[in-house]
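> how would this look folded up:
(one chain, ligands or ions: 2)
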Amino acid sequence: MTNLLDLDLDAMVRFLEGLGEKRFRAVQLFRWIHQKGARDFADMTDLAKGLRSKLPEVCSLNVLPVLSRQDSSDGTIKWLFDVGDGNAVETVFIPEDDRGTLCVSSQAGCAVGCRFCSTGHQGFSRNLSTGEILAQLWQAEHFLRHHLKRTDRVITNVVMMGMGEPLQNYSALLPALKVMLDDHGYGLSRRRVTVSTSGVVPMMDRLARDCPVALAVSLHAPNDALRNDLVPLNRKYPLSELLDACLRYLPAAPRDFVTFEYCMLSGVNDQPEHARQLLDLLRLHGGQGVPCKINLIPFNPFPDSGLSCSDRPVVQQFARMLNEGGIVTTVRKTRGDDIDAACGQLAGDVLDRTNAAQRLARLRNGSVRPVRIVRSERQA
Ligand code: SAH
Ligand code: SF4
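Numbering: from 1, shown residues only. Ligands and ions are numbered 1, 2, ... in the order given. You can find the predicted model right below:
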């Protein structure tokens, strides 16, 4: 049985051609699903009756069971989706005045194992399929339209910054990105879809060729010794190779800069010396430097990380040094604090793999009260 959420438009065309249908039927079906949020073939009134009755026999639209949904007092919404076998992934909607951003997961767990990341601490379970990546977007978008009583599009931006390393799940990621960009799908512009990577160099080159969307690179350290320790993938693709890959990406990119993410860890990577090294690295690399912006992310602590977030004045001082050195630097606002929706907190305790299966089972059979549809208010 084909899962229609696994298909980009070309694949949908091939699928319907296999049923003896013309291309425009695939476009119609694709639009019903992604633009109108239809799930029931009977609702797709402009499809020929014969096709409407045939489709349920050969395909389905597989959504993900929602284990919980939490609404933050600041409007942020976090879903925990069940992807089977004791695995769950998280998706976060972050509303702002001029946009609605969905933070999407690409894997259950992550094999990169960054020291400051709770997903990394859980280890790797498995890659999500294209359908599981897109189900997060499909379910969030159509839930939000209903919830906010809107008929127009609610999600205007997608960031692949949830759980997992998207470029280590490239074959599933690529069709999902195509559906996000497709005018018959979500119609998002390439600059409103961001892939965040810890630096899988060969796949950055492939992304530039296949589907160049906005790129965010998780840097976190200004030298190889420290980055080896924080982001183990650096041992395979050290900073000079990573920055070369950024320079190769830029000509294809929808923006003329790369965003570097830098998680502020107290006493580890937040000293003035680190800011100076970072400036030298990014201004001098390749002779011309790397056109970039830096996003400082306050570290979100989680149990057993052994790390803490830099104090606010330290973050401000670090940002000031970088800005004065000529690199536009912003400090990321944390959103959804009251529901643990910030970076690196995703799926916190539920996904601690040592007890994930038990806990998911308890959530399912109701012996643990799920955090479902609670509106948590920040304590004064
Ligand atoms: N694997 C990809 C995308 C998912 S992580 C990547 O690493 O880029 C998304 C962002 O959250 C990354 O920049 C990551 O470094 C950051 N992050 C992870 N854990 C964090 C934590 N505990 N506090 C703050 N940011 C964190
Ligand atoms: Fe994986 Fe990104 Fe977390 Fe590193 S920060 S462990 S790459 S999800």
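> per-domain residue ranges of the protein.
Domain ranges of the chain: 2-60, 66-364, per automatic domain parsing.
> Hmm, residue 212 is touching residue 258, no?
No. Here residue 212 lies out of contact with residue 258, judged by CB atoms under 8 Å, at a distance of 11.8 Å. For the C-beta atoms, the positions are set from N, CA and C on the backbone; glycine is no exception.
> between these two, what contacts are shared?
Common contacts of residue 212 and residue 258 (CB atoms under 8 Å, 6 or more residues apart in numbering): residue 249.
> Show me which of these two is the more surrounded one.
Taking neighbours as other CB atoms under 10 Å, residue 212 and residue 258 compare with residue 258 leading, 24 against 19.
> Spell out which parts of the stretch 151-300 of the chain neighbour ligand 1.
Contact residues, the stretch 151-300 of the chain versus ligand 1 (CB under 6 Å from any ligand atom): 161, 165, 196-198, 218, 261, 263, 297, 299-300.
> 5 Å instead, please
161, 165, 196, 198, 218, 261, 263, 297, 299-300 (CB under 5 Å from any ligand atom).
> just the CA coordinates of stretch 169-176, formatted as PDB?
Output of stretch 169-176 as PDB, limited to C-alpha atoms (Å, rounded to 0.1, in the frame of the first residue of the first chain):
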ATOM      1  CA  ASN A 169      18.800  11.000   6.100                       C
ATOM      2  CA  TYR A 170      19.200  12.600   2.700                       C
ATOM      3  CA  SER A 171      17.100  10.200   0.600                       C
ATOM      4  CA  ALA A 172      14.000  10.800   2.700                       C
ATOM      5  CA  LEU A 173      14.700  14.500   3.200                       C
ATOM      6  CA  LEU A 174      15.000  15.400  -0.500                       C
ATOM      7  CA  PRO A 175      11.400  14.500  -1.600                       C
ATOM      8  CA  ALA A 176      10.100  16.100   1.500                       C
END
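> Can you point out the buried residues in the one helix or strand residue 295 maps to?
Assigned by DSSP states H and E, residue 295 belongs to strand 292-298. Using 16 or more other CB atoms under 10 Å as the test for burial, strand 292-298 gives 292, 294-298.
> so how far is it from its chain's centroid?
Distance, stretch centre to chain centre, for strand 292-298: 17 Å (CA atoms, centre = their mean, to the nearest Å).
> ok, residues contacting it?
The contact list for strand 292-298 (CB under 8 Å, 6+ apart) reads 216, 219, 246, 257-264, 278, 282, 309-310, 315, 318-319, 322, 327-332, 334, 343.
> ok, 6 Å please
257-264, 282, 309, 315, 319, 322, 327-332, 343 (CB atoms under 6 Å, 6 or more residues apart in numbering).
> longest helix anywhere in this protein?
Of all the segments of type helix in the chain, defined by DSSP state H, the longest one is helix 130-147.
> buried stuff in that one?
130-145.
> Tell me the helices and strands packed up against that helix.
On a contact count with 3 or more CB pairs under 6 Å, 6 or more residues apart in numbering; DSSP states H and E, helix 130-147 meets strand 87-96, helix 170-181.
> the helices in the protein, which residues?
Ranges of helices in the chain, per DSSP H, are 9-18, 23-34, 49-58, 118-122, 130-147, 170-181, 201-210, 224-230, 239-249, 272-284, 312-324, 356-365.
> I'd like those helices written out as CSV, with mean pLDDT added.
Output for those, formatted as CSV (pLDDT from 0 to 100):
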stretch, mean pLDDT
helix 9-18, 98
helix 23-34, 98
helix 49-58, 96
helix 118-122, 94
helix 130-147, 97
helix 170-181, 98
helix 201-210, 98
helix 224-230, 98
helix 239-249, 98
helix 272-284, 98
helix 312-324, 98
helix 356-365, 45
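> is ligand 1 contacted by the longest helix of the chain?
No. Residues of helix 130-147 contacting ligand 1 under CB under 5 Å from any ligand atom: none, with a closest distance of 12.9 Å.
> Give me the phi and psi for the residue of the stretch 1-150 of the chain found nearest ligand 1.
Residue nearest to ligand 1 within the stretch 1-150 of the chain: residue 117 (3.4 Å; CB to the nearest ligand atom). The phi/psi pair for residue 117 (degrees, to the nearest 10) reads phi -120, psi 130.
> out of the helices of the chain, which comes closest to residue 67?
helix 356-365 (5.5 Å; CB to CB).
> ok so, going back, just the CA trace of the longest helix of the chain, in CSV.
Only the C-alpha atoms of helix 130-147 are listed here, as CSV (Å, rounded to 0.1, in the frame of the first residue of the first chain):
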residue,chain,number,x,y,z
THR,A,130,9.6,11.1,3.7
GLY,A,131,6.0,10.5,4.7
GLU,A,132,6.9,10.8,8.4
ILE,A,133,8.7,14.1,7.8
LEU,A,134,5.8,15.4,5.8
ALA,A,135,3.2,14.1,8.2
GLN,A,136,4.6,16.5,10.8
LEU,A,137,4.0,19.5,8.4
TRP,A,138,0.6,18.2,7.0
GLN,A,139,-0.8,17.5,10.5
ALA,A,140,0.5,20.8,12.0
GLU,A,141,-0.7,23.0,9.1
HIS,A,142,-4.2,21.5,9.0
PHE,A,143,-4.6,21.4,12.7
LEU,A,144,-3.5,25.0,13.0
ARG,A,145,-5.8,26.2,10.3
HIS,A,146,-8.7,24.6,12.1
HIS,A,147,-7.5,25.7,15.6
